[in-house]
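*Asks:* Predicted model and sequence below, questions to follow.
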Amino acid sequence: MKKDSQNHRKDSSLVEEARNTLVGAKDWFLEDVALMTAYWHDKMGYTEAWIDANWHLVLSEGQELVDELDEKEDSALLWLINHVNNNPVPLEECHVVGSEVEAGIYHCMSCGHDNQLETKQVLTPCEVCHYGLMSTHHAEQSE
């Protein structure tokens, strides 16, 4: 069988061109990786230096930031529960027996009796039905 030398040369040159393209792409990719690595090493070095210089601030103010974030999360969760469930009594106005509460009127969530507390104290069960959940919410507040 006779070979077609012209087609064979075209195929060889296409293969060689593809090989050169792949080598160029590989080199380009490796250069980019080296640049990204250097960039992130620089950024991480800066971050580590900042932490080394300011670690005392992070430690002293860190707990306050955590507490502030917890308070915001708690408020957001209460808002979500109160609005999604259409609670007639907001959860932040509900008080459980055994918790320390301020002086005031605590409405029993079971029988509706108003329990009067004269001083700040530990909340006791309802005087009438002995239920353990009270509220400082009044129906006219929601209207």
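*Replies:* Here it is on my side, so go on. Numbering: from 1, shown residues only.
*Asks:* for this protein, which spans come out with low pLDDT?
*Replies:* Scanning the chain with the threshold set as pLDDT under 70 gives 1-9, 58, 78-79, 81-87, 138-143.
*Asks:* which residues in it form strands?
*Replies:* Secondary structure of the chain (DSSP state E): strands at 94-96, 100-101, 104-108, 114-117, 121-122, 133-135.
*Asks:* From the contact counts, what lies against the first one?
*Replies:* Pointing back at strand 94-96 there. Applying 3 or more CB pairs under 8 Å, 6 or more residues apart in numbering; DSSP states H and E, one finds that strand 94-96 contacts strand 133-135. Glycine gets a C-beta too; all of them are placed from N, C-alpha and C.
*Asks:* Strand partners (parallel or antiparallel) of the strand it packs on?
*Replies:* Here strand 133-135 is paired, per DSSP bridges, with strand 94-96 (antiparallel), strand 104-108 (antiparallel).
*Asks:* Run the chain-centre distance for the last one.
*Replies:* Once both centres are worked out by CA atoms, centre = their mean, to the nearest Å, strand 104-108 turns out to sit 35 Å from its chain's centre.
*Asks:* cool, and the shortest one?
*Replies:* From the chain centre to the centre of strand 94-96 is a distance of 27 Å (CA atoms, centre = their mean).
*Asks:* Give me the buried positions along that strand.
*Replies:* For strand 94-96, burial by neighbour count (16 or more other CB atoms under 10 Å) applies to 94-95.
*Asks:* Make a markdown table out of the strands paired with strand 133-135 and add distance to Val66.
*Replies:* Below are the strands paired with strand 133-135 laid out as a markdown table (distance: least, CB to CB, whole Å):
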| stretch | distance to Val66 |
| --- | --- |
| strand 94-96 | 25 |
| strand 104-108 | 31 |
